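>>> Next one to model:
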Amino acid sequence: MGLKGDLTHRSVGNVVSVQFDDSKLSEYQKKMYEKDATRLALRYIAHGTSFDELQPDIPTEVMTELYSSLLAVHKSPFNEAIEVTQTHRLHTFPNPAVDKFQVNYKNTATWATPLRLGDDTTDSDLINRLCNNYGLSIESHERWDDENNLFIVKAKKALNIAAIAKEFRTEEGVEVVKMLIPDTDGNDIEATRTQKGWRLDYMVKFDSCFTGCKKKHIWSFEIVNITANSANVNFLGESGDELPDWMKP
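I've put the predicted structure just below:
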């Protein structure tokens, strides 16, 4: 089982001060880290509460700290940071959903007439208001079966999409709202609040992940003194199961 158990410090580095600027990231990288920060913030503030019971917008302070923490690891000089951000390109597993969901509705719903005519809007005051307030767009409208159609709702920026999806369920004619979360397991990042900042655990998961990954390897970092463009990063060590040879850099 290799490294499973307590943290095994293979190449622990000293605390380093890191400066970062997300303008130097690609748009794809920036979007992925925004999603990561949103998911980590939602998991942190939920405390067992259903995500659809929370507000759509995430507390700014938590989001900023987590986004900065992710960027700090990305820019830190540790070989292990390069391994998790560039070699394995680890991000949060897409649960909770933060940017899209699917709506199935009765094809007789009058508010959906513009959609059925090829437009990307509706005659629903509720749906139109939610789209305007939260920067949502309606895409991929298509027939589901003889009685139902579906469309995908996408958000321009990551947010607690489950709270908005809950409102869509109240519209007459809406049959099902799906959060489009994978049924499988996979790589992830976990965040834990510390006295001075955050600990981020980057996880590669493997071995039968379609039914729940049986093994995982973890790289742990602590991030402190966090601002919008700087932080101190310490690599804490690695733990978990030994990576198979084909996963090693």
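>>> All the strands of this structure, residue numbers only.
Along the chain, counting by DSSP state E, strands occupy 16-19, 100-106, 136-143, 148-155, 174-178, 188-193, 197-206, 215-224, 230-240.
>>> Now distance to residue 93 too, for those, in JSON lines please.
Quick note: C-beta positions are derived from backbone N, CA and C, even for glycine. As requested, the strands of the chain are exported to JSON lines (distance: least, Cβ to Cβ, whole Å):
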{"stretch": "strand 16-19", "distance to residue 93": "25"}
{"stretch": "strand 100-106", "distance to residue 93": "16"}
{"stretch": "strand 136-143", "distance to residue 93": "23"}
{"stretch": "strand 148-155", "distance to residue 93": "19"}
{"stretch": "strand 174-178", "distance to residue 93": "17"}
{"stretch": "strand 188-193", "distance to residue 93": "4"}
{"stretch": "strand 197-206", "distance to residue 93": "8"}
{"stretch": "strand 215-224", "distance to residue 93": "11"}
{"stretch": "strand 230-240", "distance to residue 93": "16"}
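>>> Could you chop the chain up by domain?
As assigned by automatic domain parsing, the chain contains the domains 16-95+183-242, 100-178.
>>> contact partners of the helix ranked longest in the chain?
Ranked by residue count and defined by DSSP state H, the top helix of the chain is helix 27-46. Contacts with helix 27-46, where a contact means Cβ atoms under 8 Å, 6 or more residues apart in numbering, come from 22, 25, 51, 54, 58-59, 62-63, 66-67, 70-71, 74, 91-92, 94-96, 98-99, 157-160, 189-191, 193.
>>> Output the below-cut-off pLDDT ranges for this protein.
By pLDDT under 70, the weakly predicted segments of the chain are 1-13.
>>> let's go with 90 and repeat that
For the chain, applying pLDDT under 90 flags the ranges 1-14, 21, 23-24, 47-48, 183-185, 207-213, 244-249.
>>> deepest of the domains of the chain, which one?
Comparing these by mean neighbour count (mean count of other Cβ atoms under 10 Å), domain 16-95+183-242 ranks first with a mean of 18.
>>> Compute the distance from the centre of that domain to the centre of its chain.
Domain 16-95+183-242 has its C-alpha centroid displaced from the chain centroid by 9 Å (Cα atoms, centre = their mean, to the nearest Å).
>>> Between the two ends of that domain, how far is it?
Criterion Cα to Cα, to the nearest Å; first-to-last residue distance in domain 16-95+183-242 is 27 Å.
>>> before we move on, what about stretch 190-201?
This stretch, stretch 190-201, spans 5 Å end to end (Cα to Cα).
>>> ok, now stretch 71-79?
End residues of stretch 71-79 are separated by 15 Å (Cα to Cα).
>>> Can you name the residues in contact with that stretch?
With contacts defined as Cβ under 8 Å, 6+ apart, stretch 71-79 is touched by 11, 13, 16, 18-20, 22, 25, 29, 33, 81, 84-85, 200, 202, 221, 223, 226, 230-233, 235.
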